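Undergrad: compute the structure for the input listed below.
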Amino acid sequence: MKRSISLAAVLVLGGVIAAGSALAAYPSAKQLDIAKNGKYLGADACKECHADTHKGWATSRHTDKAKYGPAIGKDNEKNIYEWVRRDWAKLDSHMTLEQKDKNTVYVSAKKFDWKDVGVIVGQNHKQRYLVYYDGGPMEAYEAKTENGGIDWTIDKSKTVQFAGNKERAGYHFLFLQLYPKDGKINKGGYAEHRSYQERCIGCHTTGFDYQGWEKAKADYVAGNRKDLKDLFVADIRIGCEMCHGPGSEHVKNPGADTIIQPAKITDVTMRQMVCGQCHTRTQKSVKSKTSHDLRGYRLGEHYEDYAEFTRPAWGKGNRQVSIDGKGRRDHQQDMDIRLSSTIKGDHSVHASMACFDCHDSHNVGNNKKNPLLKKGKVETCAACHKDKAEAVLKAWDGMQGQEKYGYGNWGTEGGRPAPKQHVFNLDAKGRSFALSPDKYHWALKKDGDATKEADWLAIWPWEKASYDKKGLKVMIGATPWK
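TA: Sure, this is the predicted structure:
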């Protein structure tokens, strides 16, 4: 069911005065057609007319999610942390090649130089490094995990001959996850075995052409293409078009009717998807067996047509979510916010919120005093919560007052540390809290036995309609099998 915002529900944060009549539907059919069929040009195509906005964006954190490395040009060496370049020889700069089994991956016995790095993922919180791999045979070590992939250890006591796999050709991650602080290393390594183009490029760049990539990959495997060094993106940065839609028509015919302004979008789900297309965690992609992004998604389309949300685990918890549904890992804010419809009601202010109501996407990180928000934390919440603003800030901290969780102990209500939790709800003890057991949602498998717990699928509340449409029985409550 579509939900639209009335003027009365538009946040004070957005600077719109409440009235009471419904907003005219936005965007128009013409704008949606352009969003679906237009061509991505890259952010620099917007610079001539939007110089001031472009200037702020160019130094924002959205431009830091991916950068070219020194293998693409010597000037890019500055994109690798200085201490990392200094200490590179001490690091395990092996390349992750391929998965052997769920607890073992092959990594190259060879260590790569920082000058081989073609793409750098991240600048502010952490960095990972990508080097081109042609899919050929290599001498390798085996790296193993004993805690579900959280930490990995390379066995360097012996090497094996990895036969190679041209299906894995592309930019590959090195076995490194490093941080801005001098000498800070993730000691458990990093072992993503698929290429950047296969896995996650869609949310770190603008305009990734996944169909072009798939064709090029097929040609390469068949021996009809020289390499897979092309990233198939319009811009290596997260740029204007990721939020406003492709700009080809707008550049040819400048005007309000050839581009989308996210703040004017009236359908709640669509406005939340502006940021939710990337600030999310998927279980799997619909368009690819290997990706974790919503590759191919364009404004106005539906999440479920491109990916499946990471799954809830009501009453049990897992690495991704707490027992009450709070997100536990990075970029899961969208699911936290969507839970507001169940917690507060469909037409509550929190259920209608989109990220850009509070965050300045053009300037994120530029204001050192308030790097993430348009205004200060208390001032932001005080727009609606008045003198209770200080108290409600506790909702941003999903760990305060909660039992710690970790491998082998996922069954707690613990979530993410402040300010990453976005459930915006407190329990009677003043702790961040999502759904109580009476609001858990379940769907019975086709031909499933309603008395068996194993036949009930944990689903998100907003997925109820889609499971109803599939003809599956949906129940709400703690234990529908009893």
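Undergrad: contacts, neighbours, all on C-alpha from now
TA: Noted.
Undergrad: contact partners of the longest helix seen in the chain?
TA: Across the chain, the longest stretch assigned as helix under DSSP state H is helix 210-221. Applying CA atoms under 8 Å, 6 or more residues apart in numbering, the set of residues contacting helix 210-221 from outside is 166, 167, 169, 197, 225, 226, 227, 228, 231, 232, 295, 296.
Undergrad: quick check: mean pLDDT of the helix or strand following it?
TA: Later in the chain than helix 210-221, the nearest helix or strand by DSSP states H and E is helix 240-244. The predicted model gives helix 240-244 an average pLDDT of 98.
Undergrad: just stretch 273-286 next, same as before
TA: On average, stretch 273-286 scores 96.
Undergrad: which positions in it come out as buried?
TA: By neighbour count on 16 or more other CA atoms under 10 Å, the buried set for stretch 273-286 is 273-282, 284-286.
Undergrad: and those, which of them are in strands?
TA: Judged by DSSP state E, the subset of those located in strands is 282, 284, 285.
Undergrad: in ChimeraX, select just the buried ones from the contacts of helix 210-221.
TA: To isolate the buried members of the contacts of helix 210-221 in ChimeraX, using 16+ other CA under 10 Å:
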select :166,169,197,227,228,231,232,295,296
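Undergrad: let me have the contacts of helix 210-221 in TSV, adding distance to residue 337 and pLDDT as columns.
TA: Output for the contacts of helix 210-221, formatted as TSV (distance: CA to CA, whole Å; pLDDT from 0 to 100):
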residue	distance to residue 337	pLDDT
166	40	97
167	37	96
169	37	98
197	29	97
225	44	98
226	45	98
227	42	98
228	38	98
231	32	98
232	32	98
295	22	96
296	23	96
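Undergrad: of the contacts of helix 210-221, closest to residue 129?
TA: When those are compared for distance to residue 129 (CA to CA), residue 197 wins out at 13.5 Å.
Undergrad: and the closest one, helix, strand or coil?
TA: Using DSSP: H, G, I helix; E, B strand; the rest coil, the structure places residue 197 in helix.
Undergrad: quick one: the strands in the stretch 1-150 of the chain?
TA: Using DSSP state E, counting those that start in this stretch, the strands found in the stretch 1-150 of the chain span residues 67-68, 94-101, 104-111, 119-121, 128-133, 138-144.
Undergrad: save the ones you listed as JSON lines, and put in distance to residue 427 too.
TA: Listed next are the strands of the stretch 1-150 of the chain as JSON lines, based on distance: least, CA to CA, whole Å:
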{"stretch": "strand 67-68", "distance to residue 427": "42"}
{"stretch": "strand 94-101", "distance to residue 427": "42"}
{"stretch": "strand 104-111", "distance to residue 427": "41"}
{"stretch": "strand 119-121", "distance to residue 427": "37"}
{"stretch": "strand 128-133", "distance to residue 427": "37"}
{"stretch": "strand 138-144", "distance to residue 427": "40"}
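Undergrad: and residue 376, which of those is closest to it?
TA: Ranking these by proximity to residue 376 (CA to CA) places strand 119-121 first, at 28.4 Å.
Undergrad: who touches the closest one?
TA: Contacts of strand 119-121 (CA under 8 Å, 6+ apart): 64-69, 79-80, 127-131, 171, 204.
Undergrad: repeat that with 7 Å
TA: 65, 66, 67, 68, 69, 127, 128, 129, 130 (CA atoms under 7 Å, 6 or more residues apart in numbering).
Undergrad: mind listing the helices for the stretch 251-400 of the chain?
TA: With DSSP state H, counting those that start in this stretch as the criterion, the stretch 251-400 of the chain has helices at 268-276, 333-338, 340-344, 349-352, 377-385, 389-392.
Undergrad: okay, the ones you listed in CSV with distance to residue 89 next?
TA: CSV is the format used below for the helices of the stretch 251-400 of the chain (distance: least, CA to CA, whole Å):
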stretch, distance to residue 89
helix 268-276, 39
helix 333-338, 37
helix 340-344, 49
helix 349-352, 49
helix 377-385, 42
helix 389-392, 47
